[in-house]
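**Student:** A structural model of the following input is requested.
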Amino acid sequence: MGEPQEGGRRSEESEQGPDPGGLPLRERGPALAVDGIVARGGKILLVKRGREPFKGMYALPGGFVEYGESVEDAVVREVLEETGLKTRIVRMLGIYSKPGRDPRGHVASVVFVLDAEKGSAVAGDDASDAEWVPLSRLPEEMAFDHAEIVRAFRLSSS
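**Tutor:** Numbering: from 1, shown residues only. Down below sits the predicted model:
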């Protein structure tokens with residue numbers, strides 16, 4: 001890695017940025033991710049993960065922020081890639097950064113609530129399924145800390 005620059009940044013990281021695909025993340029600062037909560041008519045949009053970690057489990061659509069991308073652009077992109085739905089941000093729900101929330105390393109996630117245009121959700125990218133799940137029938141266990149995030153959303157919406 002390059003020498004620390006003014007402000008404590010290392011030259012390689014400032015020029016190239018972090019590579020979330022090159023995990024493990026333990027050797028650098030936390031990786032930045034986004035997750036999207038898309039609710040419609042008493043249902044929430046979930047994806048079934050198509051790859052590890054948590055393959056086959058339900059999760060919120062989301063993923064890593066790309067170098068040079070804002071978190072706002074990242075969440076809209078990730079929801080589109082994983083569900084085929086165009087969305088717009090309504091508000092930020094919170095930031096989830098507890099070490100251990102992702103088995104690949106320390107990942108901080110900015111969570112947004114979004115509205116989706118009309119249309120059907122279709123699984124894409126690394127999701128094996130995308131579906132609208134009634135809030136009354138959400139799975140007890142979800143990937144990462146997404147069950148906790150959905151509980152926070154329900155509390156903030158009541």
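**Student:** hey, let's count contacts and neighbours off CA atoms from now on
**Tutor:** Noted.
**Student:** which stretches of the protein form strands?
**Tutor:** Assigned by DSSP state E, the strands in the chain fall at 31-40, 43-49, 58-59, 62-64, 87-96, 107-116, 127-134.
**Student:** partners of the first one in the sheet?
**Tutor:** For strand 31-40, the paired strands and their directions (DSSP bridges) read strand 43-49 (antiparallel), strand 62-64 (antiparallel), strand 107-116 (parallel).
**Student:** What lies in contact with the longest one?
**Tutor:** If you take Cα atoms under 8 Å, 6 or more residues apart in numbering as the criterion, strand 107-116 is touched by 30-40, 71, 75, 85-99, 101.
**Student:** looking at this structure, which helix or strand is least sure?
**Tutor:** Between all helices and strands in the chain, the lowest mean by mean pLDDT, DSSP states H and E belongs to helix 11-16, at a mean of 38.
**Student:** one step back: now the contacts of strand 107-116: which count as buried?
**Tutor:** 30-40, 71, 75, 85-89, 93, 96-97, 101 (16 or more other Cα atoms under 10 Å).
**Student:** Which of the strands of the chain sits closest to residue 141?
**Tutor:** Closest to residue 141 of these is strand 58-59 (Cα to Cα; 8.0 Å).
**Student:** tell me what the closest one is packed against?
**Tutor:** On a contact count with 3 or more Cα pairs under 8 Å, 6 or more residues apart in numbering; DSSP states H and E, strand 58-59 meets strand 43-49.
**Student:** show me what contacts residue 79?
**Tutor:** Taking Cα under 8 Å, 6+ apart as the test, what residue 79 contacts is 36, 61, 62, 85, 86, 87.
**Student:** let me fix that: residue 42
**Tutor:** 134, 135.
**Student:** pLDDT below threshold where in the protein?
**Tutor:** Within the chain, the stretches with pLDDT under 70 are 1-27.
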